[in-house]
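Engineer: give me a model of this one.
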Amino acid sequence: MRTQTASLILLNMEISNKQQAAVHVVRSQFEKLGTDIDIRIIADDVAEKKAAEKDLLEIERLYAHFTNIFSRFDPTSELSKLNSQLGKYSTASFDMLEVVALCLDYYAKTDGLYDPRILDVLEKVGYADDFKDGVRKFRAGSVVENDHFSKRSLAEDLKIVPRISLGQKNDTVFFGTRMDFSGIAKGYITDKVVEFLKKRQWKNFLVDSGGDMFMRGVDEDGKLWTVNVEGIDEKKLIFTLDDKAVATSGIGRRKWEIEGQRMHHIINPRKPQEFCFDLKSVSIIAESTTAADVWAKTIFLMGREGGMLYAREHDIAAVILDCRGSAWISPKAKEFLY
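Structural biologist: Okay, here's the model as predicted:
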């Protein structure tokens, strides 16, 4: 999704002729998590502007902190270290433990369609390094069996062990196989930044972590934040959101071809050898960015008909865009139409 907001880093504007008061759009843009980050805070006066600038610096440090935890491309990250200590009980950070708990929860809620054990498959089919700078090539022994994920429950390969159980000072985590948390970590990190902004009592802001977004309050014009779906004319479809998250899962940017075989990064645990190109994207509006992130990927894997049925039956705000450019909007999503 794309925001329909101003693109200036700092912009002073009048809210209205009646108020005769200037607002400040305090904006920070940088790259972390392998994607572009865009944070905007609406400040009412000069004092708030200075406070917002200070908070944006702290937010940039938060993104760096979380990248050091969850990046699978950094060999020194906490995730990489845990992936190198398979079969052991290892001390983990609070954030790592929270994400592991979320993974187990969503694995159950999605009937196994969300599964972080996809790392070996991603590497075998060519996604072994940073997508922007790396080279796509098959890894040796790239045959992936269709029952690869059904042989063991996630709860056998991913565990949180309370410190009391092992007589340790801290809770520990167990990895039975290597994990990739990219399908949930970006949403989790975005929610943590939102939590920080709310604690700082900001009423009007936008957080965009490479398409995983959360909007609160109003923009610089005093209007609710608006977003539209990439690939759909904004004149035909636009949403207004307040205290809501939106995330999109699609194959527009992370797809490749090797030896005549087309592939993308959205791995289906039930059929890891197969890559669906019937859909372009699925966008989800939800209460949290984590939920939006997970359900966007899950419904994408269900396909057009299955995804439409699931979103309707479970009251999920979804927009499904197929390869022909046709869009389906769930009844719940229509509640947010501009």
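Engineer: quick one, helices of the chain?
Structural biologist: 46-70, 78-83, 94-109, 119-124, 154-157, 163-166, 182-199, 289-313, 331-334 (DSSP state H).
Engineer: shouldn't residue 189 be in contact with residue 63?
Structural biologist: Yes - the criterion here is CB atoms under 8 Å, and residue 189 meets it with residue 63 at 6.9 Å. Yep, even glycine has a C-beta here, placed from its N, CA and C like the rest.
Engineer: overlap in contacts, the two.
Structural biologist: Common neighbours of residue 189 and residue 63, using CB atoms under 8 Å, 6 or more residues apart in numbering, are residue 33.
Engineer: the more surrounded of those two?
Structural biologist: residue 189 (27 against 21; other CB atoms under 10 Å).
Engineer: quickly list what the nearest residue to residue 85 once chain neighbours are set aside is bridged to.
Structural biologist: In space, and not counting its chain neighbours, residue 85 is closest to residue 175: 6.9 Å by CB to CB, 6 or more residues apart in numbering. Beta-bridge partners of residue 175, counted by DSSP bridges, are residue 158.
Engineer: what is the neighbour count of residue 175?
Structural biologist: 23.
Engineer: next: residue 324.
Structural biologist: With other CB under 10 Å as criterion, residue 324 counts 8.
Engineer: mind checking pLDDT for it?
Structural biologist: At residue 324, the pLDDT value in this model is 87.
Engineer: contacting residues for it?
Structural biologist: Counted by CB under 8 Å, 6+ apart, residue 324 has zero contacts.
Engineer: where do the strands sit along the stretch 201-338 of the chain?
Structural biologist: 205-209, 212-216, 225-228, 239-241, 244-250, 255-258, 261-264, 279-286, 317-322, 327-329 (DSSP state E, counting those that start in this stretch).
Engineer: who does the last one touch, helix- and strand-wise?
Structural biologist: Think strand 327-329. In terms of contacts (3 or more CB pairs under 8 Å, 6 or more residues apart in numbering; DSSP states H and E), strand 327-329 is packed against strand 317-322.
Engineer: return the set of buried residues in the strand it packs on.
Structural biologist: 317-321 (16 or more other CB atoms under 10 Å).
Engineer: please apply the same query to stretch 218-233.
Structural biologist: 218-220, 224-232.
Engineer: give me the number of residues near residue 176?
Structural biologist: Residues lying near residue 176 (other CB under 10 Å) number 16.
Engineer: now it. Nearest residue, chain neighbours left out?
Structural biologist: residue 157 (3.5 Å).
Engineer: burial of the one you found, as a residue count?
Structural biologist: 19.
Engineer: ok, it - contacts?
Structural biologist: Taking CB under 8 Å, 6+ apart, one finds 117, 175-177 in contact with residue 157.
Engineer: now with 10 Å?
Structural biologist: Contact analysis of residue 157 by CB atoms under 10 Å, 6 or more residues apart in numbering lists 86-87, 115-117, 149, 174-179.
Engineer: same question, residue 113
Structural biologist: 106-107, 149, 268-270, 294-295, 297-302.
Engineer: can I get those in JSON lines including distance to residue 25?
Structural biologist: Supplementary listing: the contacts of residue 113 in JSON lines, determined by distance: CB to CB, whole Å:
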{"residue": "106", "distance to residue 25": "35"}
{"residue": "107", "distance to residue 25": "40"}
{"residue": "149", "distance to residue 25": "45"}
{"residue": "268", "distance to residue 25": "41"}
{"residue": "269", "distance to residue 25": "42"}
{"residue": "270", "distance to residue 25": "45"}
{"residue": "294", "distance to residue 25": "31"}
{"residue": "295", "distance to residue 25": "30"}
{"residue": "297", "distance to residue 25": "32"}
{"residue": "298", "distance to residue 25": "34"}
{"residue": "299", "distance to residue 25": "33"}
{"residue": "300", "distance to residue 25": "33"}
{"residue": "301", "distance to residue 25": "37"}
{"residue": "302", "distance to residue 25": "38"}
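Engineer: pick out the lowest-pLDDT one from those.
Structural biologist: residue 149 (73).
Engineer: grab the nearest non-local neighbour of that one.
Structural biologist: Nearest non-adjacent residue to residue 149 (CB to CB, 6+ apart): residue 269, at 4.0 Å.
Engineer: how many neighbours does that neighbour have?
Structural biologist: By the criterion of other CB under 10 Å, residue 269 has 21 neighbours.
Engineer: could you point out the longest strand in the protein?
Structural biologist: Determined from DSSP state E, the single longest strand within the chain is strand 22-32.
Engineer: what strands line up against that one, and which way round?
Structural biologist: Strand 22-32 pairs in its sheet with strand 10-14 (antiparallel), strand 35-43 (antiparallel), by DSSP bridges.
Engineer: the ones you listed: lowest mean pLDDT?
Structural biologist: For these, the stretch scoring lowest in mean pLDDT is strand 10-14; its value is a mean of 35.
Engineer: quick one: contacts for residue 88?
Structural biologist: Counted by CB under 10 Å, 6+ apart, residue 88 has contacts 82, 172-176.
Engineer: distance check, it against residue 304.
Structural biologist: With distances taken as CB to CB, to the nearest Å, residue 88 is found 42 Å from residue 304.
Engineer: list the contacts for the residue nearest to residue 231 when sequence neighbours are not counted?
Structural biologist: Leaving aside its sequence neighbours, residue 231 sits nearest to residue 321 (CB to CB, 6+ apart; 5.4 Å). Counting by CB under 10 Å, 6+ apart, residue 321 touches 229-232, 237, 248, 250, 252, 279-283, 304, 327-329.
Engineer: I am finished for the moment; much appreciated.
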